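A.B. asks: Only the shape, not the letters, is given here:
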């Protein structure tokens, strides 16, 4: 697929350079809107409006939705009022709302001016809902049927209204705006007779969300029940719209990207990597780096406090990186597992003690395995490599190995418990659990591992 896309991309660019617009248009008409959107990202800025104007009206609107915000803004600024209106008329309401949310104020003003009154009213209505809620994500374009309609009447209605609806597979049966059931197009087409009433074949066990339900929860429900859409209800339990699965996929992608960035120790970015400037990347990364650098000062303070122990047994210094690295990795494993479970609603705060008990057992087995492996490594490798006043085949060398292995075992156990507990506590306090991922936990565990290490050193070697 990548090779094919690169060939098509090269062909389109050549056609535009050679002004073979008719041939380029024929090729573009065979492409998926998402692929055209990806192609536009790779074009020179001056060629983007030219390519877009080659597209048929419906394909142009579908491609417009797939484009990056910067390219959309570029096109809107270059559109005539008629061109802008043509694109807006082809957009579904939820896509128009997303466009308005992402554009600068002066561009938004022009968009709303060219939108038809009904769309403008709907956009303003949806924008009043809280950000990242089902209300802000929904579309009001769905097929509504009455319970006393026949199958034949329902199919005729779908044919007449379906062209303007985002999805027609699931139809909602309402009575006075109250949702009383739903029926699929498959059930309508396979009905034994066109005279059967909708109320006789509709499903009444309906799963729905409210306008204030968090968008992540909506996405999880769509994934859990394999729905194509979820009905959205207002405070009076009236149906006001639907959230479709394609919007849910976008939400999951955005939230996953945000969590990965936070877990990597940087602020979430609103742009793709290639579209982000050096200054924007710097601003996203430097706060966490500053924080982690300052907190790492505690590690240095601990080492300074135990200079005497290190001076008395220099060999201890050689194992500090291994100890801190293993502890950080152990904590990160637990934190990533727990954060993922929290994001999927598999864990709640009430499960805290179950999580701790499970991590205690897991960490115990990990600690034993790592300690034994490390002891064998130290005896067979480290004692052969480190000579002089450091480790040798004597009582002193064995005591150093014992200290390192005991510290390693305790550090692994503590790190896994900390890595599992902190994300749960963070969510309970209203913070994003991803904040407690790799960089933050690693800093805590580094300091803890040193304290444990020097405690055993003083108890066993320096006592």
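C.D. replies: Arrived safely, thanks for sending. Note that the structure is predicted; figures quoted are calculated from it, not measured.
A.B. asks: tell me how far whichever helix or strand residue 340 is part of is from the chain's mean position?
C.D. replies: Element membership of residue 340 [criterion: DSSP states H and E] is helix 320-343. Here helix 320-343 is found 20 Å from its chain centre; the criterion is C-alpha atoms, centre = their mean, to the nearest Å.
A.B. asks: How about stretch 238-257?
C.D. replies: 12 Å.
A.B. asks: Show me which residues of it are buried.
C.D. replies: 239-245, 247-248, 251-252, 254-255 (16 or more other C-beta atoms under 10 Å). For the C-beta atoms, the positions are set from N, CA and C on the backbone; glycine is no exception.
A.B. asks: try stretch 186-193
C.D. replies: In stretch 186-193, residues buried by neighbour count (16+ other C-beta under 10 Å) are 187-188, 191.
A.B. asks: Ok, stretch 59-75 next?
C.D. replies: So stretch 59-75, judged by 16+ other C-beta under 10 Å, has buried residues 59-69, 71-75.
A.B. asks: Check stretch 199-211 too.
C.D. replies: Neighbour-count burial for stretch 199-211 [16+ other C-beta under 10 Å]: 199, 201-202, 206, 208-209, 211.
A.B. asks: Helices - which of those residues land there?
C.D. replies: 199, 201 (DSSP state H).
A.B. asks: Residue 228 versus residue 170, what's the distance?
C.D. replies: 6 Å (C-beta to C-beta, to the nearest Å).
A.B. asks: How far away from the center of its chain is stretch 442-458?
C.D. replies: Distance, centroid of stretch 442-458 to centroid of chain: 34 Å (C-alpha atoms, centre = their mean).
A.B. asks: If you average the pLDDT over it, what comes out?
C.D. replies: In this model, stretch 442-458 carries a mean pLDDT of 85.
A.B. asks: higher neighbour count, residue 170 and residue 228?
C.D. replies: residue 170 (20 against 14; other C-beta atoms under 10 Å).
A.B. asks: Surely the more buried one is in contact with residue 226?
C.D. replies: No: with contact defined as C-beta atoms under 8 Å, residue 170 does not count as touching residue 226 (11.9 Å).
A.B. asks: Tell me which residue is most central in this protein.
C.D. replies: residue 256 (1.6 Å; C-alpha atoms, centre = their mean).
A.B. asks: From the rest of the structure, what touches the strand or helix carrying that residue?
C.D. replies: Using DSSP H and E, residue 256 sits in helix 245-263. Applying C-beta atoms under 8 Å, 6 or more residues apart in numbering, the contact partners of helix 245-263 are 94, 137, 139, 215-216, 218-219, 222-223, 227-229, 267-269, 284, 336, 339, 343, 432, 434-435, 437-438.
A.B. asks: Could you tell me which of these belong to strands?
C.D. replies: residue 229 (DSSP state E).
A.B. asks: Taking the contacts of helix 245-263, please make a ChimeraX selection of just the buried ones.
C.D. replies: Listed next is the ChimeraX selection for buried residues among these, using 16+ other C-beta under 10 Å:
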select :94,137,139,215,216,218,219,222,227,229,269,284,336,339,343,432,434,435,437,438
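A.B. asks: From the buried residues of stretch 186-193, pick the one nearest residue 117.
C.D. replies: Proximity of the buried residues of stretch 186-193 to residue 117 (C-beta to C-beta) peaks at residue 188, which lies at 32.5 Å.
A.B. asks: So which elements touch the helix or strand encompassing the closest one?
C.D. replies: Element membership for residue 188 (DSSP H and E) is helix 185-189. Judged by 3 or more C-beta pairs under 8 Å, 6 or more residues apart in numbering; DSSP states H and E, helix 185-189 is in contact with helix 151-161, strand 170-175.
A.B. asks: Helix, strand, or coil at residue 126?
C.D. replies: helix (DSSP: H, G, I helix; E, B strand; the rest coil).
A.B. asks: who's in contact with it?
C.D. replies: 93-94, 97, 135-136, 138, 140, 241.
A.B. asks: how much space between it and residue 143?
C.D. replies: From residue 126 to residue 143 the distance is 19 Å (C-beta to C-beta).
A.B. asks: which strands and helices sit next to whichever strand or helix holds residue 6?
C.D. replies: Residue 6 belongs to helix 2-17 when assigned by DSSP H and E. For helix 2-17, the packing partners by 3+ C-beta pairs under 8 Å, 6+ apart come out as helix 21-28, helix 33-41, helix 48-54.
A.B. asks: Let me see the mean pLDDT of the second one.
C.D. replies: Within the predicted structure, the mean pLDDT of helix 33-41 is 86.
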